[in-house]
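J.: Below is the structure, and that's it, no one-letter string:
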Ligand SMILES: Nc1ncnc2c1ncn2[C@@H]1O[C@H](COP(=O)(O)OP(=O)(O)OP(=O)(O)O)[C@@H](O)[C@H]1O
Ligand SMILES: [Mg+2]
């Protein structure tokens, strides 16, 4: 059984005054296996964030089901949803979403504190992941005192610390310069190699070329997907660029 | 630019910020209405011709100054928070090509419009409510009520003028705030990264020291006179102490809580403690202001309500008989005993001539001298009072020498006192040794008298310093030993007092008329004989004065308390709204990270509850500590009823707490609405 299964997802946004509604996702189905590193690409407005939000239970699909590790998201009760997210999902946001009132350390602890874990256990878990993320020296600093790359690494730590079933990342490199982006992608790769499943939305071909599989969304449906297989990053990069060109020309598969 | 551009910009700006401006304008309206009412009752003359209302009316007159001053400070403060919140908007204007003069003109119109709206609203409300206030006032001071309605032109003009001045100041201040900022600064004013405050032990400890010394004074003072002098010192110390302690102390507390990992890393404490720590520096001042406003309301209301409800008791304690007469002469004079006998006879004869049935007659005379009260055995040094500037009021005592024959006559005893011996009476029984020394003269204490100090002399309780009664064998002989002592004015320190009081069986008007007749007779008798003071007073005439004074104080206390409480509401409201906007984004993030709605609600509740409990709890503590001091002050008004004060304080605290709880509920709803 797949770790994540999305079936026939449709999402319609109703505008507030009952005007024209937008169909952000038409009919999206795909699966993610355990340990996979999947990238989702597509033009702006094609519905990537919408899809990710639905998988993260931040938003509800109009139709269709999302099944994570055998659990149907639609069946999780509303008031349990935040707890479900906390225990099973790690979300990395484009704009970090760190709290300015906490030092990085406490920001990372937040999901564990909410889950009622003991301070010693939290410290032990952080001690395990901090070295590989390179944030040991800045844990006591406040978000505004560190660079964007460091903030994003702290955010990754916050996503990882709960040992989530899947990491969801929405354009995690979107707000970073190229050097920080490269570091972060390297990090994702490392994390993935430890067996962590990752689902990442990105605009960057380079970022996507790290993934083991790339899904392309166009006009609210999965338009195409390519596997990395045994390709090198460069070959993958080339494949993706070709597909994107095809997409831009509006061509058929 | 087109005419009317600036006024329109001003209006639309205020409308956009309606959530902030509406309460501000409402506060302005309320303050103007209150000012009008105070001025109307205090100065317009509608209360002229009311018997006995004079003191109360004068008090309201004083109240207008307090009101104007408070309105100036408070509106000034509120408006600068408003401008701070709008800096971004002004930054945008200046990037769109407006210079500071243009923005200044928008602010000018804004101020004018607010002044016009609030003055119109305030005067309408004030005039509308003035009759109601007048009814309440006349009821409280127990004078007859007029049935006509009137508007005072002078009060209208004064209200407009006073608030025009306040708004000019406010306008100048907002110009100043705009002037010193660059556009980029204006835009980024609220975005700049801010490190949570460090625990500042130095400030915290200084604050505690101030608070502690204020408390110490409040608890230490024993004498009403020094209470009066030190009250203001204590108030200033407590005010400074409260600010420093709440600003620094709360940060320290949060920091300590954060250090306690077991406590801090719990879902219900984690977010609230850290966001409190983050905010405390800014909010400490707001909390301290709320706390001090609550404290002043509590102190004002408990003291004035105790006085008002206890006014009859004060009156009876101070004037136990219907008629009382008094005369005073400095120095020793051997003719005084016969003078006293003559005055007694004159008063009695005159009273009976007016149809009075003279009974319960107390007449006696005494020699008095003041000095320092040293050691636990009674020893009074007399040359300490020669320099006014260095008087320590806590040590001053007044010695009253009474002849044993007078004492026996008045109280129906047959005590005997040998020469060189004395019977002693003081308010504090413990402080009597075997020997009492006054100046160079010592007496063996042969015993103590059973009567309380106020039984002998009803005015002694309200006197500035404690009174010690010394019953001696021959008062004339004793007095001659003290003729040489002089005070800082060169006057003899020895003084002779004569008292005469009795009941008459006349009705109120009769008593009042009799008192003035007797005053005249007393004057005729004593004129040119070197008496420094003499009068005759009646219980009934004093009642008007008591009720008027206490009722006026109570009324003023109520009005000022209302204003203070409203100001509290405004501060709390702004606090909630501004924090709501700040927290909106934070709670969104937390929800994404996995905080449930319920977690959020809980965390908000625990945070708000703590922040709200602090001011009222500290105010309650302040009240508790100053109550003994307030009690001493009330003694100056002849109210010796600590239990009554305690009950009044408890009732005020409950009412205040209830009101505060309601504000809390309402404003936290405003907060929830913004956050979710
Ligand atoms: N809350 C919303 N209400 C209405 N329409 C929405 C809402 N959120 C997104 N949309 C619409 O749904 C479509 C998909 O938006 P989405 O944010 O998923 O795109 P995206 O692929 O993430 O784009 P980008 O790459 O720019 O982030 C867009 O047309 C957008 O306008
Ligand atoms: Mg997006």
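T.: Right, received. Where do you want to start? Quick caveat: nothing in here was measured; it's all calculated off a predicted structure. Ligands and ions are numbered 1, 2, ... in the order given.

J.: Give me the below-cutoff pLDDT ranges for chain A.
T.: A:16-19, A:250-253 (pLDDT under 70).

J.: Kindly report the residues of it close to chain B.
T.: Residues of chain A lying close to chain B by Cβ under 8 Å from any Cβ of the partner chain are A:58, A:79-83, A:85-87, A:91, A:93, A:97-102, A:106, A:109-111, A:113-116, A:118-119, A:122, A:142-145, A:158. C-betas here are computed from N, CA, C, even on glycine.

J.: Out of the residues you listed, name the ones that lie in helices.
T.: A:81-83, A:85-87, A:106, A:109-111, A:113-114, A:119, A:122, A:158 (DSSP state H).

J.: just the strands in the stretch 1-150 of chain A please.
T.: Under the criterion DSSP state E, counting those that start in this stretch, the stretch 1-150 of chain A contains strands at A:4-13, A:22-32, A:37-42, A:63-68, A:71-72, A:89-92.

J.: Okay, angle between the fourth one and helix A:81-88 too, please.
T.: Meaning strand A:63-68. Orientation check (axes from the mean of the first three to the mean of the last three Cα atoms, to 10 degrees): strand A:63-68 against helix A:81-88 gives 40 degrees.

J.: Against which helices or strands is strand A:63-68 packed?
T.: Strand A:63-68 sits against strand A:4-13, strand A:22-32, helix A:48-55, with contacts defined as 3 or more Cβ pairs under 8 Å, 6 or more residues apart in numbering or on different chains; DSSP states H and E.

J.: Quickly check: the helix ranked longest in chain B near ligand 1 or not.
T.: In chain B, assigned by DSSP H, the helix with the most residues is helix B:539-593. No: Helix B:539-593 is not in contact with ligand 1 by Cβ under 6 Å from any ligand atom; minimum separation 13.7 Å.

J.: Please tabulate the strands of the stretch 1-150 of chain A in CSV, including the columns distance to residue B:434 and mean neighbour count.
T.: As requested, these are exported to CSV (distance: least, Cβ to Cβ, whole Å; neighbours: other Cβ atoms under 10 Å in any protein chain shown):
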stretch, distance to residue B:434, mean neighbour count
strand A:4-13, 98, 18
strand A:22-32, 101, 18
strand A:37-42, 100, 25
strand A:63-68, 94, 18
strand A:71-72, 93, 12
strand A:89-92, 87, 26
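
J.: In TSV: the ones you listed, plus distance to residue B:546.
T.: TSV is the format used below for these (distance: least, Cβ to Cβ, whole Å):
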stretch	distance to residue B:546
strand A:4-13	75
strand A:22-32	78
strand A:37-42	85
strand A:63-68	80
strand A:71-72	79
strand A:89-92	73
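
J.: Tell me which residues are up against stretch A:118-134.
T.: A:105, A:108-109, A:112-113, A:136, A:139, A:153-154, A:156-157, A:160-161, A:187, A:190-191, B:261-262, B:265 (Cβ atoms under 8 Å, 6 or more residues apart in numbering or on different chains).

J.: Now do the strands for the stretch 151-253 of chain A: every range, in order, please.
T.: Under DSSP E, counting those that start in this stretch, the stretch 151-253 of chain A gives strands at A:166-170, A:197-201, A:213-218, A:221-227.

J.: May I see those organised as TSV, with distance to residue B:516 and mean neighbour count added?
T.: Shown next, in TSV, are the strands of the stretch 151-253 of chain A (distance: least, Cβ to Cβ, whole Å; neighbours: other Cβ under 10 Å):
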stretch	distance to residue B:516	mean neighbour count
strand A:166-170	93	24
strand A:197-201	98	24
strand A:213-218	103	22
strand A:221-227	106	16
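
J.: closest to residue B:297 out of those?
T.: In terms of Cβ to Cβ, the element of the strands of the stretch 151-253 of chain A nearest to residue B:297 is strand A:166-170, at 52.5 Å.

J.: so, in contact with ligand 1 or not, the closest one?
T.: No: Strand A:166-170 stays clear of ligand 1 (Cβ under 6 Å from any ligand atom), getting no nearer than 7.5 Å.

J.: List of residues touching that strand?
T.: Looking at strand A:166-170 with Cβ under 8 Å, 6+ apart, the contacting residues turn out to be A:3-4, A:32, A:48-49, A:52, A:55-56, A:68, A:88-94, A:156, A:159-160, A:188, A:191, A:196-201.

J.: Good, wrapping up.
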